[in-house]
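Participant: below is the sequence, then the predicted model.
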Amino acid sequence: MKTGFARRRIGPSSGAAGKRRRSMKHYYADVKGLGNVAVSRHAQARMADDGITQENFERVLLNPVRPDGQDGIGVVWRERDGLRIVILTDPTPNMGAVLVKTVYRVKPQANALRSTR
């Protein structure tokens, strides 16, 4: 049954921002500690919208400075230089790669320091 309405694509891949997103790398083979990594369209859109460069993303993904943080069952994150990458280790459907679900900037948290008194 036809409704008479033409389907028009609206969203992340339309306009100038969409052109930037399409040039981003979306698959990384043999990443240390993770294996094959796919980057979701949502993560690519967040990177473009937040002004996160491909180089910054790759620095966090490929060169971790700390062990991955565990955030529940099947979810880990990598953080470096004020960026956090949230990764699903067993995405559905599982196509043989972990999935970068989102990327965002984080602000440093206050640390408790020992008193010098």
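Facilitator: Good, I have the coordinates.

Participant: got the buried residues for the top strand by length along the chain?
Facilitator: Longest strand in the chain, counting residues (DSSP state E): strand 98-105. Residues of strand 98-105 classed as buried: 98, 99, 100, 101, 102, 103 (neighbour count, 16 or more other CB atoms under 10 Å). For the C-beta atoms, the positions are set from N, CA and C on the backbone; glycine is no exception.

Participant: run through the bridge partners of the second one.
Facilitator: In other words, residue 99. With DSSP bridges as the criterion, residue 99 is bridged to residue 38, residue 88.

Participant: what sits against it?
Facilitator: 37, 38, 39, 40, 87, 88, 91 (CB atoms under 8 Å, 6 or more residues apart in numbering).

Participant: state the distance from it to residue 109.
Facilitator: Per CB to CB, to the nearest Å, residue 99 is found 27 Å from residue 109.

Participant: and what of residue 63?
Facilitator: Per CB to CB, residue 63 is found 22 Å from residue 109.

Participant: run through this protein and note the low-pLDDT ranges.
Facilitator: 1-22, 110-111, 115-117 (pLDDT under 70).
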